[in-house]
Every structure is written in C-alpha cells, then in structure tokens.
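Q: One predicted model, sequence on top.
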2 protein chains.
Amino acid sequence: MRILQCVPNFSEGRDPRFLEELEHVLARYPVKTLDLSMDADHNRADCTFLGAPEAVEECAAALCARAVELIDMREHTGSHPRMGAVDVVPFVPIRGIDMSEAVEVARRFGRSFAELHGVTVFFYEEACTSEGRRNLADVRRGEYEGMAAKLAEPDWQVDAGPQVFNERSGVTAVGARMPLVAFNVNLATGDLAVAKEIAAAVRHSSGGLRYVKAMGVDVAEEGIVQVSMNLVDYRRTPIHRAVELVRREAARHGVAVRECELVGLVPLEAVGDTFAYYLQISGFADTKVIERHLLPEEEP
Amino acid sequence: MRILQCVPNFSEGRDPRFLEELEHVLARYPVKTLDLSMDADHNRADCTFLGAPEAVEECAAALCARAVELIDMREHTGSHPRMGAVDVVPFVPIRGIDMSEAVEVARRFGRSFAELHGVTVFFYEEACTSEGRRNLADVRRGEYEGMAAKLAEPDWQVDAGPQVFNERSGVTAVGARMPLVAFNVNLATGDLAVAKEIAAAVRHSSGGLRYVKAMGVDVAEEGIVQVSMNLVDYRRTPIHRAVELVRREAARHGVAVRECELVGLVPLEAVGDTFAYYLQISGFADTKVIERHLLPEEEP
C-alpha cells in the first residue's frame, strides 16, 4: 500500500454548485475523499483526498482543471490570503511513500498544470527550488493583487508556467509537506492579550518550538480566547510537547485550559506518540494497534 | 468490513514443531496472524489471529482439531494454570460486529468442537450460561487434575460435550470477550510489597476500579517490581484512569513510575481515548485518524 494525500485549496467559497462540480470529479477517480467544504467569509474551498499516488496525481489534475475553468479571480474577494483560482496544492505522503517521491509528484504535477492552463506556478515547502520559497506565506505575500508586480522582480522567476501574470487564474503554489496537525487550545478566559502572549511564547518565529506556528484568536461567540496552532512536523515537535508548553504558559497567567480542538485529521503515528508519552510506554509503535494490521500491506 | 479475533491457548510450549503445525493450518485460511508464540515454563502456546467471522471460526476449528490430535494432557506439566489440550478459545469482536454475534460464534464453535472431538466444553465470559462461569478462573479452578471430580459436581453440568472426563484432551473453555489490554507499570523500586499494595488498591476484587485485574510482580532481572494489570473493559475503565490511579498510589509510597509496557496489541479506540483525555480534546473519535479511512468499509 502506498498512500498519498492531496489538499488543494480553491478560491471559491460561496457557490454550492462549485462543490458539486468537485464531487463529480472526485467520483471519477479511485480516491477517498476525507473532507470537502467551503467557507463564505474566506471565499475558499478546501478538499482533502487520498489514494495511490498515480490516482491522486490524476485526480488533482482534473480538479484543478475544473477550478481554472470555473473561477475568475478578477471578481474574487474574501478574508483568507490567496493569489490564484487554484491557490495551493500540497501533496502529503501518508504511508509507504517518502517525501522525495511526494516532491517528485508535486513538481511533475505543477509543470503539467502550468503548461496546460498557462498559470504561473511556484513550488513551496519540501518541493521548493530555493529557501526563500519554502514558506507559503512568503510565496503568497502581495496576494493576487500584487502578483503582477511580484513576477517582474528578479527574485521571483517562475518555477513553471508564464512569467507574465494570468489575470483570470492568478498564481498557484504547489508543494509537498508532512501531514499538518491543526490544534486549538481554548483558554478559560476572554482576555485576548493572554492568548497572544502564549502564542508568541510557543511559536518558532518568536523564540518557541521549532515546528510550531501559533496565533492568539478571539472566539467571541463563546466568550473565550484560543491559542490556534499549526504543528508542521509532528515527529520533531510532537503535539504533547506543544500542548504541555501552552499549559505551562497559561498557568503563569493563572489561566486554565478549558478544552482543545483537533481541526481536521491526525496521523496514527502522532496519536500513538502522544499515547506513549503520557503513559510512559517505551518502544511503542503503531504496529501495536490492532487496526494497523487491517490496513492493506505496504510495499517493501 | 467485519472483523473477529480469536486467541486460542494450547497446552504445548516446548516442541517447536507444534508451532509449525499451527502455522500450516493458519496459512490455509484467509486470516491474519498477529501473534504465534510459546513459553516453555508455562508449557503453553498462544495464537492471535483475525479476519472475517466465518474464516476465523473455520480456522479456529482446524487449529483446535490439530491440537487435540497432537497433545496428550496425561503428560503435561507447566507453570500456567490449564485444564485442557485446547485450554481456552476466546472470540473477540474487533470491528463491524457486536458482542452478541461473537457469543453466537463462540457457542456454535464450542458445540461443534465438543461433538467432533468428544471434549467437554464450558462457556465463559460473555458466552457464559450462568454467572458462576463468567470468570475463567472459576471455570478452570481445580485444573486438569481436578476436572474429573469437578464434572461429578451438580454445579458443573457441561455446556457441550461429554459429562465424563476426557483424560487425553481435558476440558476446554470457549468464550467471547472484549479486547483485553494487558499493561504493566514498572516502578522505580525493588520493593515487592509496594507493588502488591498498589495492585490491591487499583484492582476491582479488593476495592479498586471495576474492570481492572492487577497483581504485584517481581522483575528480579531488572531489580524492580511492577504492577501488572489486565484491563478487561477499556471503554468503562480506560487505560489512562488505571495508570493515573497507579501513579497516585505510587506517589503515596514515594515511588516513581519508571516506565510502562503494553503487552500485546491495543484497539485504536483505546489509544484514541487516552490521546483525547490527556490533550482534553472534546468529541474525539477514531474517524479523526487518517489511517482509519484506509480501512475497508464497515457494513452498515
């Protein structure tokens, strides 16, 4: 068994027919859809699916072709940062496939997508061609409105597709990355300053843990605040270490953790690592989980 | 997908050819073998396999037929309690099958095995026909040497097979039960009295948690002691609650937990419950685990 995941994000979050179109495409391929949803404020659709690498690559190509046909970025507004109709296409190795293969798929997919649709493509994260493009935020800085100027800069020679701006479809980032664990810690306080201070303490950019991104967020409808985290490498910075650090920092403010939320899915390995940490189990591996043996065999 | 597990125990732990015989039988059925091992001191072999209920029932019948052919209890000695060549045959529902179906399989298997081989069968745990037979220790009390007398008692009318003792094959217990979680807590002390006191505090029989069996064990080669637990219903008494109680009791003796050991396998649900407990995740379900979606579909 070789399993690759793909999580394309599209700049359409208001027309329900768009999701139906994606559903029709997904149904034509031997892939499993884990999530398909849109957000009107963000004006953005998220799709998560997985399967054999070949099927995933073909299905991603068909989904993106349909999105480029349907979305005109000249009319797009929304609260989420974006730069293209097909905004980002990350490929995520799940099982029996290593990162270098995911990078290969991402680059082949990106070149083919760029050529077929005349859309500029930048490679990011593990698929990046220079360190300045590793971080998606750097690639997307300026957003759709700033891309024409960005493409004129010497630092932003395209990775694939035209060097001139495609006004209708914008620019697409294609990458390969580890599964991302999105994790929110809700605090028993309504004080946003506390959440922001904790976020600053735990995130890499301001001195915290290497593979943690974090921000303080007001959850006004519940009268609380939250530390919203992305754990971008759960092997090197595991979930339990990030959560324990948030708890220590919250305690320093006299604030309790009310509960946590896992946004989206989590790899079995990350669940097992946390299980083994709190129970002090040495030598735990996911082969200790009964269901692990019901999965199709990995290739040697 | 409907998955049943079977964990037969046989009274032969010294002749490696016996395991080879079991391997040959297992290879003839569409089942997955998770464990096949023997212990010379115990003079006992353990086998864990799973698959579709029909395949598991047929494979169990074939394994037990072979064991009855090969093992003569009249020559058997060993440190583990036992009463028959095929000592116990528990069926364990894993996925897409409920306990009542596992009980049905156990009883049908037990009647057929008893009739084919002329071996007395008692049903135990969820398959028991009276509360006095629920606990395997009660059924097995007296062991092989005491079974002839036991079968003469009015309380021990057989569930299947002959009411007279089969000297060659002994008596077999057939049951249905939840997956058992076997968990050892190693203490940073060599004082066996401490382990025994903690075990007595946490186990059901002496006032502790409802679904915990526990004993204090000397791990002489490592110079430490351990609280060895069987968690017989991880849904009602979850692993984390048992471990936290052991930790509290150990602290009262000024003793730290050095590490823990998971013996054998653990259901994904139990791993997820512990993950969600320590991370305070509300509404966690194993559908949040990516690999869960790679399993064959359950039947509705």
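A: Great, that's in hand.

Q: and residue A:184, bridged to which residues?
A: residue A:228, residue A:261 (DSSP bridges).

Q: Please work out how many residues are found near it.
A: 17 (other CB atoms under 10 Å in any protein chain shown). The C-beta positions use only the backbone N, C-alpha and C, and glycine is treated the same way.

Q: wait, it sits on residue A:224?
A: No - look at residue A:184 against residue A:224 with CB atoms under 8 Å: they stay out of range, at 10.6 Å.

Q: Need the distance between the two termini of stretch A:212-230.
A: 6 Å (CA to CA, to the nearest Å).

Q: and residue A:92, which of the three is it?
A: Here residue A:92 takes the strand state, with states given by DSSP: H, G, I helix; E, B strand; the rest coil.

Q: residues near it, how many?
A: 26.

Q: which residues does it contact?
A: Residue A:92 is in contact with A:4, A:5, A:6, A:7, A:102, A:176, A:177, A:178, A:179, A:180, counting by CB atoms under 8 Å, 6 or more residues apart in numbering or on different chains.

Q: How much space separates the residue lying closest to the fifth one once chain neighbours are set aside from chain B?
A: To tie it back to what came earlier, the one meant is residue A:102. Nearest non-adjacent residue to residue A:102, counting by CB to CB, 6 or more residues apart in numbering or on different chains: residue A:176, 3.9 Å away. Using CB to the nearest CB, to the nearest Å, residue A:176 is found at 16 Å from chain B.

Q: okay, now residue A:176: neighbour count?
A: Residue A:176 has 26 nearby residues by other CB under 10 Å.

Q: So it versus residue A:53, what's the distance?
A: Distance of residue A:176 to residue A:53, given as CB to CB, to the nearest Å: 11 Å.

Q: Name the residues contacting each of those two.
A: By CB under 8 Å, 6+ apart, the residues touching both residue A:176 and residue A:53 are residue A:105.

Q: Now do the same contact list for the nearest residue to residue A:177 once chain neighbours are set aside.
A: Excluding its sequence neighbours, the residue lying closest to residue A:177 (CB to CB, 6+ apart) is residue A:125, at 4.3 Å. Each residue near residue A:125 by CB under 8 Å, 6+ apart is listed here: A:90, A:134, A:135, A:136, A:175, A:176, A:177.

Q: Now compare those and name the two farthest from each other.
A: A:135 and A:176 (14.0 Å; CB to CB).

Q: What pLDDT does the model give the residue in the stretch 101-250 of chain A positioned nearest to chain B?
A: Closest to chain B within the stretch 101-250 of chain A is residue A:243: 5.7 Å, counting by CB to the nearest CB. Here the pLDDT value assigned to residue A:243 is 98.

Q: returning to what we had before: just the buried subset of the contacts of residue A:125, please.
A: A:90, A:134, A:136, A:175, A:176, A:177 (16 or more other CB atoms under 10 Å in any protein chain shown).

Q: Narrow those residues to those in strands?
A: Counted as lying in strands by DSSP state E, out of the buried ones among the contacts of residue A:125, are A:90, A:175, A:176.

Q: Next, the contact list for the most centrally placed residue in chain A, please.
A: For chain A, residue A:180 is the residue whose C-alpha lies nearest the centre (CA atoms, centre = their mean; 6.1 Å). By CB under 8 Å, 6+ apart, the residues touching residue A:180 are A:92, A:230, A:231, A:232, A:264.

Q: Quick check: phi and psi at it.
A: In terms of degrees, to the nearest 10, the main-chain angles of residue A:180 are phi -90, psi 130.

Q: thinking again about what came up before, identify the residues contacting the strand or helix carrying the residue of the stretch 101-250 of chain A closest to chain B?
A: According to DSSP states H and E, residue A:243 maps onto helix A:239-252. For helix A:239-252, contacts defined as CB under 8 Å, 6+ apart pick out A:181, A:183, A:185, A:187, A:194, A:197-198, A:201-202, A:208-209, A:212, A:227, A:229, A:231, A:256-257, A:260, A:266, A:270, A:273-274, A:277-278, B:278-279.

Q: give me that answer again for 6 Å
A: Under the criterion CB atoms under 6 Å, 6 or more residues apart in numbering or on different chains, residues A:181, A:185, A:187, A:198, A:201-202, A:209, A:212, A:227, A:231, A:257, A:270, A:274, A:277, B:279 lie in contact with helix A:239-252.

Q: quick one: buried residues of it?
A: A:239, A:240, A:241, A:242, A:243, A:244, A:245, A:246, A:247, A:249, A:250.

Q: Same check on stretch A:271-283?
A: A:271, A:272, A:273, A:274, A:275, A:276, A:277, A:278, A:279, A:280, A:281.

Q: want to throw those into JSON lines with pLDDT and distance to residue B:171?
A: As requested, the buried residues of stretch A:271-283 are exported to JSON lines (pLDDT from 0 to 100; distance: CB to CB, whole Å):
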{"residue": "A:271", "pLDDT": "97", "distance to residue B:171": "42"}
{"residue": "A:272", "pLDDT": "97", "distance to residue B:171": "40"}
{"residue": "A:273", "pLDDT": "97", "distance to residue B:171": "44"}
{"residue": "A:274", "pLDDT": "98", "distance to residue B:171": "44"}
{"residue": "A:275", "pLDDT": "98", "distance to residue B:171": "39"}
{"residue": "A:276", "pLDDT": "98", "distance to residue B:171": "40"}
{"residue": "A:277", "pLDDT": "98", "distance to residue B:171": "44"}
{"residue": "A:278", "pLDDT": "98", "distance to residue B:171": "42"}
{"residue": "A:279", "pLDDT": "97", "distance to residue B:171": "37"}
{"residue": "A:280", "pLDDT": "98", "distance to residue B:171": "40"}
{"residue": "A:281", "pLDDT": "96", "distance to residue B:171": "37"}
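
Q: Out of those residues, flag the one nearest to residue A:34.
A: Closest to residue A:34, out of all of these and judged by CB to CB, is residue A:271, at 15.7 Å.

Q: Show the contacting residues for that closest one.
A: So, once contact is read as CB under 6 Å, 6+ apart, residue A:271 ends up touching B:271, B:275, B:289.

Q: nearest residue to the last one other than its sequence neighbours?
A: Spatially, and ignoring its direct neighbours in sequence, residue B:289 is nearest to residue A:268 (5.2 Å; CB to CB, 6+ apart).

Q: what's the pLDDT at the one you found?
A: 96.

Q: I'd assumed residue B:288 was in contact with it.
A: No - checked against CB atoms under 6 Å, the pair residue A:268 and residue B:288 is beyond contact range at 10.4 Å.

Q: neighbour count winner among these two?
A: Using other CB under 10 Å as the criterion, residue A:268 and residue B:288 rank with residue A:268 on top: 23 against 19.

Q: residues in contact with residue A:45?
A: A:10, A:12, A:13, A:38 are the contacts of residue A:45 under CB under 6 Å, 6+ apart.

Q: need the next SSE after the helix or strand hosting the last one, C-terminal direction.
A: When you say that, I think you mean residue A:38. Assigned by DSSP H and E, residue A:38 falls within strand A:32-39. Next helix or strand after strand A:32-39 toward the C-terminus (DSSP H and E): strand A:44-51.

Q: how big is the angle separating that following strand from strand A:32-39?
A: 180 degrees (axes from the mean of the first three to the mean of the last three CA atoms, to 10 degrees).

Q: Could you export strand A:44-51 as PDB, CA atoms only?
A: What follows is strand A:44-51, C-alpha atoms only, in PDB (Å, rounded to 0.1, in the frame of the first residue of the first chain):
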ATOM      1  CA  ARG A  44     -12.400  29.500  -0.300                       C
ATOM      2  CA  ALA A  45     -13.000  25.700  -0.800                       C
ATOM      3  CA  ASP A  46     -10.800  23.000   0.900                       C
ATOM      4  CA  CYS A  47     -10.600  19.500  -0.400                       C
ATOM      5  CA  THR A  48      -8.800  16.600   1.200                       C
ATOM      6  CA  PHE A  49      -8.500  13.300  -0.600                       C
ATOM      7  CA  LEU A  50      -6.100  10.300  -0.600                       C
ATOM      8  CA  GLY A  51      -5.200   7.200  -2.500                       C
END
